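Q: Curious how this folds, go ahead:
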Amino acid sequence: MKKILFLILALLLVLTELPAQTKMVFPNVEGYKTLKCDFHIHTLFSDGRVWPTVRVQEAAREGLDAIAITDHIESRKYVKQGLIVGDRNQAYKLAKAVSKSNNVIVIGGGEISRKMPPGHWNAIFVKDAEKLNKPNFEEVLKEAKEQGAFIFWNHPGWWKQQPIEPKWEKMHEEMYQKGYMMGIELTSGDGRNYFPEVHKWAIEKNLTLIGNSDMHAPAAFAIDFDSKKHRLVTLVFAKERNEESIKEALMERRTAVYVDNRIYGREEWLSPFLNSILKVTKVRRSSNNVLSVVVENRSSAPIALFKDDKECPIYFKHHLLFKPLQKSSFTIREIKRGSFDKGGKVTINFKALDFFVDVDENLTFPMEIEIPPKK
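A: Residues are numbered from 1 along each chain as shown. You can find the predicted model right below:
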């Protein structure tokens, strides 16, 4: 009877009416495909509240390219209670079976969950999650690495394990030095657990920047889609849209973290990324030499720019906002009379207010504008 009630509840969660939502959209960067990925997701095979196949369907609805099923290796309460049956690879197998029909790449993995230190870690691209069930933490990481896994430290500032502030313990340094720590979750969940200390560690130690939902509840319950919220994801700049290319990109640190319409990453990737998002599509000249610059935002994120050029020889608004997936315009005026007459190029330097290359450091964004000559 208990098992029947449990399965009925799981079915009701699947059939719950889902809110309308806009798919996450980002353009490709020259030479790479921009993939939206969530590498930290739970199902009923650990302490999640969703069947594995539903996780794939949720991802498809949100426009994600890839997810990793990372159920806790040590905690499998529903299996222990006899409510569901399957080993530590079962959730991945079920999700993988519907990946092609939903056009979502499904990656196998597991979350190694220990007290601090070392805390919780994810191993993805594993071949057999059952072999990660070992008592010795370092032996688990060694096994994962031998399977070709990408390994990262989850939510380092999680208040339940680090109640005062995030700390880099001796054990973390040992795992890092031995090559077991390849990335670090800059933030997760709803994004409120972003810590500057963690961001600094990632930069100083050249770790891959990761951001994930760590989703346990159904996506429709965990994310307020009606308020235009989005899932926290890792943006991966991959050579191709496949599992092998995602792994290669993670190893080479070609990532950014998208959280609450903010984007964190390394300048070498955020610069071409923002250049692919904002495109000047037209410049119109009025009779009084005022130019209207039309800019297309090719992403589902609003983009805010602020003037960062004291020597710029033109007038324009200091603060500009480009709405998602729309074309909008702003005007520029010449300071020196007649300077626009012959046309030519002008570059305006902005700060991208929601693009961060370091703690409290915004990305510098030069926008090049082709001015048509006066007729």
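Q: mind listing what residue 134 touches?
A: By Cβ atoms under 8 Å, 6 or more residues apart in numbering, the residues touching residue 134 are 140, 143. (Glycine included, C-beta is placed from N, CA and C.)
Q: Where does pLDDT dip in the stretch 1-150 of the chain?
A: Where the stretch 1-150 of the chain drops to pLDDT under 70, the residues are 1-21.
Q: all helices for it, in order.
A: Ranges of helices within the stretch 1-150 of the chain are 2-15, 52-61, 77-80, 90-97, 99-102, 137-146, based on DSSP state H, counting those that start in this stretch.
Q: What is the second one packed up against?
A: Contacting helix 52-61 under the criterion 3 or more Cβ pairs under 8 Å, 6 or more residues apart in numbering; DSSP states H and E are the following elements: strand 66-69, helix 90-97, helix 99-102, helix 219-222.
Q: and if you look at the fifth one?
A: Where contact means 3+ Cβ pairs under 8 Å, 6+ apart, helix 99-102 is packed against helix 52-61.
Q: which residues touch the helix it packs on?
A: In contact with helix 52-61 (Cβ under 8 Å, 6+ apart) are residues 13-14, 18, 21, 23, 38, 41, 43-45, 50, 66-67, 69, 90-92, 94-95, 97-99, 102-104, 106, 215, 218-220.
Q: What's the local residue count around the residue lying closest to residue 107 once chain neighbours are set aside?
A: Distances taken as Cβ to Cβ, 6 or more residues apart in numbering place residue 68 nearest to residue 107, at 4.1 Å, with adjacent residues excluded. Close neighbours of residue 68, defined as other Cβ atoms under 10 Å, add up to 28.
Q: I'd say residue 68 and residue 110 touch.
A: No. Using Cβ atoms under 8 Å, residue 68 is not in contact with residue 110, being 9.3 Å away.
Q: List the residues that are in contact with both of these two.
A: In contact with both residue 68 and residue 110: residue 122, using Cβ under 8 Å, 6+ apart.
Q: quick one: contacts for residue 140?
A: Contacts of residue 140 (Cβ under 8 Å, 6+ apart): 73, 112, 123, 132, 134.
Q: what's the second one in contact with, if anything?
A: By that I understand residue 112. 73-74, 120-123, 132, 137, 140-141, 144.
Q: Which residue, other than its chain neighbours, is closest to it?
A: According to Cβ to Cβ, 6+ apart, the nearest residue to residue 112 is residue 121 (4.8 Å).
Q: ok, that neighbour touching residue 152?
A: Yes. Shown here, residue 121 and residue 152 form a contact pair, counting by Cβ under 8 Å, at 6.8 Å.
Q: Give the residues shared as contacts by those two.
A: By Cβ under 8 Å, 6+ apart, the residues touching both residue 121 and residue 152 are residue 181.
Q: where does the stretch 251-375 of the chain dip in pLDDT?
A: 287, 313, 338-339.
Q: CA-only coordinates of the helix or strand hosting residue 175 in PDB, if you can.
A: Here residue 175 sits within helix 170-177, counting by DSSP states H and E. Provided in PDB are the C-alpha atoms of helix 170-177 (Å, rounded to 0.1, in the frame of the first residue of the first chain):
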ATOM      1  CA  LYS A 170      44.000  21.300   4.200                       C
ATOM      2  CA  MET A 171      42.100  18.400   2.700                       C
ATOM      3  CA  HIS A 172      40.800  20.600  -0.200                       C
ATOM      4  CA  GLU A 173      44.400  21.600  -0.900                       C
ATOM      5  CA  GLU A 174      45.500  18.000  -1.000                       C
ATOM      6  CA  MET A 175      42.800  17.000  -3.400                       C
ATOM      7  CA  TYR A 176      43.500  20.000  -5.600                       C
ATOM      8  CA  GLN A 177      47.300  19.200  -5.600                       C
END
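Q: Now do that helix: everything it contacts.
A: With Cβ under 8 Å, 6+ apart, helix 170-177 has contacts from 117-118, 138, 141, 153, 181, 205.
Q: most surrounded residue in the residues you listed?
A: Ranked by neighbours (other Cβ under 10 Å), those are led by residue 153, which has 25 neighbours.
Q: Pretty sure that residue sits against residue 184.
A: Yes. Counting by Cβ under 8 Å, residue 184 is a contact partner of residue 153 at 4.9 Å.
Q: for the helix holding residue 175, which positions count as buried?
A: 172, 175-176 (16 or more other Cβ atoms under 10 Å).
Q: and if you look at stretch 229-245?
A: 230-238, 241, 243, 245.
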